[in-house]
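Undergrad: Build me a structure from this.
(one chain, ligands or ions: 1)
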Amino acid sequence: MIVKTKVHTCRKCHGKELTKNGTNACGNQQYHCKTCGAYGVLEPRERYTEEEKELILRAYQERPSMRGIERSYGVCRQTLSTWLKKSRAASTP
Ligand SMILES: [Zn+2]
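TA: Okay, here's the model as predicted:
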């Protein structure tokens, strides 16, 4: 059995010299890369299943209120807008 030790790397340059940089709106730990200067989320977590995501996106289509969705599903607006962008990109021919 191989046990991987978790080393966080920069998502841009894959450098390992990261400093913690507080949390974002969703409460995810953010990093600042000393190598390339990038800022990002340390461990982007997919907390939602595809079904949940679809349900939430469908609810948004019925009532396009990010604040409402945020309140009823506990999805942060950033996450929701990322999903929307992705689903729009996927449905564009
Ligand atoms: Zn970097």
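
Undergrad: by contact count, what packs against the helix ranked longest in the chain?
TA: Taking DSSP state H as the criterion, the chain has its longest helix at helix 77-91. Packing partners of helix 77-91 (3 or more Cβ pairs under 8 Å, 6 or more residues apart in numbering; DSSP states H and E): helix 50-62, helix 66-73. (Glycine included, C-beta is placed from N, CA and C.)

Undergrad: May I see these arranged in JSON lines, with mean pLDDT and distance to residue 15 as well?
TA: What follows is the helices and strands packed on helix 77-91, written out as JSON lines (pLDDT from 0 to 100; distance: least, Cβ to Cβ, whole Å):
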{"stretch": "helix 50-62", "mean pLDDT": "92", "distance to residue 15": "31"}
{"stretch": "helix 66-73", "mean pLDDT": "88", "distance to residue 15": "34"}
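
Undergrad: Which among those helices is found nearest to residue 37?
TA: helix 66-73 (30.3 Å; Cβ to Cβ).

Undergrad: contact partners of that closest one?
TA: 52, 56, 59-60, 63, 75-77, 80-81 (Cβ atoms under 8 Å, 6 or more residues apart in numbering).

Undergrad: Try it again at 10 Å.
TA: Helix 66-73 is contacted by residues 48, 52, 55-57, 59-60, 63, 65, 75-81, 84 when judged by Cβ atoms under 10 Å, 6 or more residues apart in numbering.

Undergrad: Just the buried ones from those, in PyMOL syntax?
TA: Burial among those is assessed by 16 or more other Cβ atoms under 10 Å; the matching PyMOL selection reads:
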select buried, resi 48+56+57+59+60+75+76+79+80
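
Undergrad: Keep only the contacts of helix 66-73 that also lie close to the ion.
TA: Counting by Cβ under 5 Å from the ion, the subset of those that neighbours the ion is empty.

Undergrad: now residue 22, what's its secondary structure?
TA: Secondary structure, DSSP: H, G, I helix; E, B strand; the rest coil: residue 22 is strand.

Undergrad: Excluding sequence neighbours, find me the nearest residue to it.
TA: Residue nearest to residue 22 in three dimensions, not counting chain neighbours: residue 30, with 5.8 Å by Cβ to Cβ, 6 or more residues apart in numbering.
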